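S.K.: after the sequence you'll find the predicted model.
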Amino acid sequence: MELIRRSVKIFLLKNLRLLKRLREENGVEKSDEADARLLSTIPRNHFRPLTLRELKLLQLINMYEKYTEWKKIIWQWASAYPDTPFRRYANELDSIQDHYGRKIIEEVMSDEYYGAIYRMTCDMIGVKDSVEVAILVARLPLNWRLSRLKGLLGLIPRKNKNHDYHHRLRTHLARFAAMIYVNNKRHGICARLFKGINRVPRDKALHALQLRILKILKKAWQQQRQYMLAGGQ
C-alpha cells in the first residue's frame with residue numbers, strides 16, 4: 001500500500017496542472033479524497049505504469065527517508081540523555097541509513113537515463129557521490145520549467161500559499177546545500193559553486209546554493225535530453 005500511495009503521489013506531482021484544472025471545472029477544494037475522485041475520471045491510458053526498477057528505487061528512498069527521520073529523533077534524545085544507550089542506537093541507524101543511501105546511488109547509476117543525469121550533475125558540482133543528488137534526480141520532475149521547479153521547492157516568494165510546495169524534496173536539496181557549504185568552509189571543495197557568494201550571510205548563501213544546484217540539475221537533464229533526441233545510446 002505504501003508503494004501504491006507513493007506512486008500516486010508521483011503521478012500527482014507530474015500532473016498538478018491537470019488536477020488544478022479538474023478541481024476548478026468541478027468546483028472542489030483540494031483534498032486527498034477529492035483528488036482520488038478526480039483521478040478516477042482520467043482515462044486509464046493517461047497513466048504510465050511504474051517499472052519494477054522504479055518501484056524498487058521508490059522503496060529504497062522511502063526507507064532512507066524513514067531512517068533519516070528516526071536517526072534525527074534518536075540523536076536529539078542522545079543529546080538530552082547522554083548517559084543512555086541512545087547514542088549507540090543513533091550510530092546503528094546511521095549505518096542503516098548509509099546502507100540505503102548506497103543502494104539508492106547504485107540503482108540510479110544502473111539506470112541509463114538517471115545515471116547520465118546523476119553523473120553530469122555530480123561532475124558540474126564537483127562531488128563524487130551524493131545520495132541527495134541521486135534522490136533529486138529520481139524524484140524531481142526535471143521536464144518542468146525552471147520557474148515551476150523553483151515554486152515546487154519553495155525557492156521563490158509567493159504572495160499566496162503555494163499548494164505545489166514539496167517539503168521532502170526541498171529537505172533533500174537543503175541538506176545537500178548545507179553539506180556543501182560546511183565542506184567548502186572546512187576543505188574548500190566545490191569552489192566554482194561558491195563564486196560570488198563566499199561573503200554573504202549563511203542563510204542567503206544556502207538559498208543561493210540551492211538555486212544553483214537546481215539549475216545544474218536542470219542543465220544536466222537538458223543535455224541528456226538533447227543527447228537522447230540526437231539518437232544517443
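M.R.: Alright, I've got the coordinates.

S.K.: how close does the residue of the chain positioned farthest from its centre get to residue 102?
M.R.: Distance from the centre of the chain peaks at residue 83, with 36.0 Å (Cα atoms, centre = their mean). For residue 83, the distance to residue 102 equals 33 Å [Cβ to Cβ, to the nearest Å]. Any C-beta I mention is one placed from the backbone N, CA and C, and that applies to glycine too.

S.K.: also residue 181?
M.R.: Using Cβ to Cβ, residue 181 is found at 23 Å from residue 102.

S.K.: what's the answer for residue 195, then?
M.R.: Distance of residue 195 to residue 102, computed by Cβ to Cβ: 31 Å.

S.K.: neighbour count: those two, which is higher?
M.R.: Taking other Cβ atoms under 10 Å, residue 195 and residue 102 do not tie; residue 102 has more neighbours (15 against 8).

S.K.: what sits against that one?
M.R.: Residue 102 makes contact with residue 131 under the criterion Cβ atoms under 8 Å, 6 or more residues apart in numbering.

S.K.: pLDDT value on it, please?
M.R.: Listed pLDDT for residue 102 reads 96.

S.K.: show me how far the helix or strand where it lies is from its chain's centre.
M.R.: Using DSSP states H and E, residue 102 sits within helix 86-110. Relative to its chain's centre, helix 86-110 lies at 17 Å (Cα atoms, centre = their mean, to the nearest Å).

S.K.: also stretch 64-75?
M.R.: Here the centre of stretch 64-75 is set off from its chain's centre by 17 Å, with Cα atoms, centre = their mean.

S.K.: list the buried residues of it.
M.R.: Of all the residues in stretch 64-75, those buried under the rule 16 or more other Cβ atoms under 10 Å are 64, 65, 67, 68, 71, 74, 75.

S.K.: JSON lines for those residues, including secondary structure, pLDDT and distance to residue 136?
M.R.: Converted to JSON lines, the buried residues of stretch 64-75 look like this (DSSP: H, G, I helix; E, B strand; the rest coil; pLDDT from 0 to 100; distance: Cβ to Cβ, whole Å):
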{"residue": "64", "secondary structure": "helix", "pLDDT": "95", "distance to residue 136": "13"}
{"residue": "65", "secondary structure": "helix", "pLDDT": "94", "distance to residue 136": "13"}
{"residue": "67", "secondary structure": "helix", "pLDDT": "93", "distance to residue 136": "18"}
{"residue": "68", "secondary structure": "helix", "pLDDT": "93", "distance to residue 136": "15"}
{"residue": "71", "secondary structure": "helix", "pLDDT": "92", "distance to residue 136": "20"}
{"residue": "74", "secondary structure": "helix", "pLDDT": "91", "distance to residue 136": "25"}
{"residue": "75", "secondary structure": "helix", "pLDDT": "90", "distance to residue 136": "24"}
